[in-house]
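Enquirer: sequence and predicted structure, then a few things I'm wondering about:
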Amino acid sequence: MVGLVLVVVASGLSVLTLEAVAESAPSGARDLVVFGHEIAAPGSPGGTWILIGLAVSAALAWCAAVAWSRGHRLERRMAAELDGRRDLPPRRDATRTGHGPASESPPLGLRTAPPPERPGNDQPTRRDELAARRARRATHPAN
């Protein structure tokens, strides 16, 4: 609701600024005219600065409205995510109670790495060959 009010205020200020600049430009900003009514006659440099101030305030109003809306949207999204996390049991409790994906696998201390299965990995047969050669040499020293 506050975001809507900020956008409406920024829109109104933008329309007022656009109207003031469009109607005051023909006089060289000597007279400030808004919606056909002369509001003030500050002269050339003063009127120019007043119109610049109106334009800057309209831009700042839009920046404030957009920043507030984005911040509010982010706040709502973070609150929803936090509420979703609160509904889940903590990860430590999930592993102790036997519920959740962490309890489906054995504890890290009991896990063993599988043997590497690569093509051409015949190290066990080479070991057996070496052991057989040593046994032959031990029994037959001439070979």
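Expert: Alright, I've got the coordinates.
Enquirer: please enumerate the strands of the protein.
Expert: In the chain, the segments counted as strands under DSSP state E are 32-34, 37-40.
Enquirer: Ala59 is nearest to which of these?
Expert: strand 32-34 (18.1 Å; CB to CB). (Each C-beta comes from the backbone N, C-alpha and C, glycine too.)
Enquirer: follow-up on the earlier one: closest one to Val5 among the strands of the chain?
Expert: Per CB to CB, nearest to Val5 of these: strand 32-34, 22.4 Å.
Enquirer: circling back: mean neighbour count, the strands of the chain: which tops it?
Expert: Comparing those on average neighbours per residue, with mean count of other CB atoms under 10 Å, the densest one is strand 32-34 at a mean of 20.
Enquirer: what packs against that one?
Expert: helix 2-24, strand 37-40, helix 44-87 (3 or more CB pairs under 8 Å, 6 or more residues apart in numbering; DSSP states H and E).
Enquirer: now mean pLDDT and distance to Arg30 too, for those, in TSV please.
Expert: Listed next are the helices and strands packed on strand 32-34 as TSV, based on pLDDT from 0 to 100; distance: least, CB to CB, whole Å:
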stretch	mean pLDDT	distance to Arg30
helix 2-24	85	8
strand 37-40	82	10
helix 44-87	86	5
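Enquirer: about what we covered before: can I get the strands of the chain in TSV including distance to Met78?
Expert: As requested, the strands of the chain are exported to TSV (distance: least, CB to CB, whole Å):
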stretch	distance to Met78
strand 32-34	42
strand 37-40	45
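Enquirer: fine by me, thanks again.
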